[in-house]
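A.B. asks: I would like to see how this sequence folds:
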Amino acid sequence: RVLPFFTSNAVAGLVPWRPNWALALLLAAMIGLGVVLYAPRSELLHGAWQWLAILPAAAAGAALAALAIRWGLMQSLRGPSLRLLAMLHLAFSWLPLALLLAAADAGLRLALGGAGLGLAPLHAMTLGMLGSLLFAMVTRVIRGHGGIALVADDLVWTLFLLLQVATLLRIASPLIPVANGALLAAAAIVWTAVWSIWAYVHLPILLKTRFDGG
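C.D. replies: Numbering: from 1, shown residues only. Got it, this is the predicted structure:
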């Protein structure tokens with residue numbers, strides 16, 4: 001609901017579009033994935049029937065990817081003045097990717113009986129979407145609270161991009177077993193460094209009075 005509202009205020013000519021079917025499809029995807037994960041333990045579904053539970057996740061992933069583009073993902077990447085908005089869009093883009101990875105993971109588990117993609121879908125959802133959304137929204141709120149222009153400077157933008165690198169490293173770790181330890185360590189170091197620098201820059205803004213007295 002918030003993303004198209006912010007975008008319509010920042011990008012001329014873009015009309016907010018908030019379809020209720022997207023929320024219904026996302027709910028169906030979560031239920032479908034839950035069935036896929038729980039069914040092997042409970043023996044509720046067998047064989048080909050388990051494939052049906054994957055369809056909502058795949059459909060939701062594709063639909064939300066199209067929705068991200070419809071909401072102005074590409075327009076948000078047009079220049080430095082829109083970086084805060086671009087951060088929100090890029091964070092949301094992790095959601096369809098996480099759903100598609102989850103559908104692929106469930107399919108691999110059913111087809112091959114192995115570990116699939118491991119925790120890659122979970123990390124795409126948590127580190128990728130939730131971590132990036134937290135970074136983008138809190139940065140926006142703190143700058144507003146501090147009476148600072150709602151524009152991401154080069155440092156903030158670089159930190160956000162490094163956050164994406166940390167997420168990609170964590171997602172890659174279960175997919176490349178031979179480098180699992182190194183990728184995990186690299187992801188942890190980058191993630192910790194990003195949030196440490198972010199806190200050093202932004203916490204002082206919360207601890208002092210706004211320069212405009214607001």
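A.B. asks: what's near enough to touch the residue positioned nearest the centre of the chain?
C.D. replies: The centroid of the chain falls nearest to Met129 when counting by C-alpha atoms, centre = their mean (1.7 Å). Going by C-beta atoms under 8 Å, 6 or more residues apart in numbering, Met129 touches 91-92, 94-95, 98. (Each C-beta comes from the backbone N, C-alpha and C, glycine too.)
A.B. asks: could you dump those to JSON lines with pLDDT and neighbour count?
C.D. replies: Shown next, in JSON lines, are the contacts of Met129 (pLDDT from 0 to 100; neighbours: other C-beta atoms under 10 Å):
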{"residue": "Ala91", "pLDDT": "91", "neighbour count": "23"}
{"residue": "Phe92", "pLDDT": "90", "neighbour count": "20"}
{"residue": "Trp94", "pLDDT": "93", "neighbour count": "25"}
{"residue": "Leu95", "pLDDT": "89", "neighbour count": "22"}
{"residue": "Ala98", "pLDDT": "89", "neighbour count": "25"}
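A.B. asks: nearest to Ile142, of those?
C.D. replies: Using C-beta to C-beta, Ala91 comes nearest to Ile142 of those, at 16.2 Å.
A.B. asks: Surely that closest one touches Ala136?
C.D. replies: Yes. If you go by C-beta atoms under 8 Å, Ala91 and Ala136 touch, sitting 5.3 Å apart.
A.B. asks: Quick check: Ala136 vs Pro80, distance?
C.D. replies: According to C-beta to C-beta, to the nearest Å, Ala136 and Pro80 sit 15 Å apart.
A.B. asks: swap in Ile142?
C.D. replies: With C-beta to C-beta as the criterion, Ile142 and Pro80 are 19 Å apart.
A.B. asks: The two: which is more packed in?
C.D. replies: Neighbour tally, Ile142 and Pro80, criterion other C-beta atoms under 10 Å: the higher count belongs to Ile142, 16 against 11.
A.B. asks: residues contacting that one?
C.D. replies: 202, 205-206.
A.B. asks: Which helix or which strand is home to it?
C.D. replies: helix 131-145 (DSSP states H and E).
A.B. asks: Check Ala24 too.
C.D. replies: helix 20-42.
A.B. asks: could you flag which of the contacts of Ile142 are buried?
C.D. replies: His202 (16 or more other C-beta atoms under 10 Å).
A.B. asks: Show me which of the contacts of Ile142 is closest to Leu175.
C.D. replies: His202 (33.2 Å).
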